[in-house]
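Asker: Fold the following for me, if possible:
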Amino acid sequence: MQQKISSPKTDANQHDSLAYFKNLPLFANLPREDIESFSNAARVSQCKKGKVLFIEDEKADFFYIILSGWIRLFHTTEEGEEINLAILTSGNAIGESAIFDQGRYSSSAQVAENAQVLSLPLTLLNEHLRMSQQMAFNMLTVMTQYQRRHAIQMELYHLYSAPQRIGCFLLGLCPPLEQLDGVKIDLPYDKSLIASALGMQGATFSRALNILRQQTGIRIQGTRVTVDSIKRLLDFVNGCYLETLLKKI
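Answerer: Below you'll find the predicted structure:
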């Protein structure tokens with residue numbers, strides 16, 4: 001069952017809804033009335049792990065904004081193999097690029113971990129893109145940022161070993177680097193999916209994880225990872241250069 005993002009009963013709820021949209025890159029600097037049109041059209045869905053939001057090449061009626069949880073974007077080859085394109089979390093929009101692909105989704109989307117998502121009509125986005133230069137600029141900015149993250153990921157794949165890639169992934173989950181000791185983080189989704197997202201097979205991931213433990217002293221119990229020294233982990237994955245890359249993402 002779907003529901004509106006906020007109840008129209010109170011001004012406070014409406015204010016919170018508008019504030020949320022204003023903080024999203026796709027809606028940055030839009031007039032209040034434009035943001036209200038998206039807020040009023042938005043519906044919230046609670047999605048269980050494994051739910052498919054849309055299938056590649058099907059007609060697109062909605063685009064989505066992730067409120068919480070993780071969504072996997074993937075492409076299916078002619079042989080039936082699934083290739084992960086991205087695993088996204090809160091604040092990211094998905095499915096919006098269908099506007100530029102003859103109104104059809106360019107990938108499939110599946111819930112990697114229980115998620116809450118907003119669905120919005122793609123026709124509404126198309127309408128605002130035609131009328132608003134700011135909306136068009138925001139759309140271009142969002143797509144450029146996505147391409148940049150993808151390019152950085154490809155750079156990491158070519159320059160870093162499998163243990164270093166896992167280390168980079170863990171650093172991305174850590175709090176600000178000023179906190180250097182005793183950091184505890186929870187893996188956001190299955191290890192098999194992490195391995196696939198990092199471009200490696202399960203056996204390679206296990207071997208690389210053992211090397212990372214030996215070299216950096218991290219400890220893993222289930223989905224909980226303890227990093228006793230972020231500096232040691234950062235040094236292992238090539239220090240200043242990686243820190244520069246993380247600032248670009």
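
Asker: Please report how far residue 57 lies from residue 129.
Answerer: Per Cβ to Cβ, to the nearest Å, residue 57 is found 22 Å from residue 129. For glycine as for every other residue, the C-beta is placed from the backbone atoms N, C-alpha and C.

Asker: My error: substitute residue 23 in the last question.
Answerer: According to Cβ to Cβ, residue 23 stands 20 Å off from residue 129.

Asker: Just want to know which of those two has more residues nearby.
Answerer: For residue 23 and residue 129, the more surrounded residue by other Cβ atoms under 10 Å is residue 129, and the numbers stand at 16 against 10.

Asker: What separation is there between residue 51 and residue 21?
Answerer: Taken as Cβ to Cβ, the span from residue 51 to residue 21 is 24 Å.

Asker: end to end, how far does stretch 220-234 reach?
Answerer: Terminal residues of stretch 220-234 lie 17 Å apart, using Cα to Cα, to the nearest Å.

Asker: What of stretch 68-86?
Answerer: Distance between the two ends of stretch 68-86: 16 Å, counting by Cα to Cα.

Asker: Run the chain-centre distance for it.
Answerer: From the chain centre to the centre of stretch 68-86 is a distance of 13 Å (Cα atoms, centre = their mean, to the nearest Å).

Asker: do stretch 158-175 as well
Answerer: Worked out by Cα atoms, centre = their mean, stretch 158-175 lies 16 Å from the chain centre.

Asker: Give me the buried positions along the helix or strand residue 37 falls within.
Answerer: Assigned by DSSP states H and E, residue 37 belongs to helix 32-41. Counting neighbours by 16 or more other Cβ atoms under 10 Å, one finds that the buried residues in helix 32-41 are 34-35, 37-39, 41.

Asker: Scan the protein for its longest helix.
Answerer: helix 133-159 (DSSP state H).

Asker: for that one, packing partners?
Answerer: The elements that helix 133-159 packs onto, with contact taken as 3 or more Cβ pairs under 8 Å, 6 or more residues apart in numbering; DSSP states H and E, are strand 82-88, helix 122-131, helix 162-173, helix 239-248.

Asker: Among the buried residues of helix 32-41, which one sits closest to residue 140?
Answerer: When those are ranked by distance to residue 140 (Cβ to Cβ), residue 34 comes first, at 16.8 Å.

Asker: Just give the nearest non-adjacent residue to the residue nearest to the spatial centre of the chain, would you?
Answerer: Nearest to the mean C-alpha position of the chain, counting by Cα atoms, centre = their mean, stands residue 88 at 1.7 Å. Using Cβ to Cβ, 6 or more residues apart in numbering and skipping residues adjacent in sequence, the residue nearest residue 88 is residue 71, 5.2 Å away.

Asker: if I read this right, the one you found contacts residue 118, doesn't it?
Answerer: No. In this structure, residue 71 is not within contact of residue 118 by Cβ atoms under 8 Å, at 12.0 Å.
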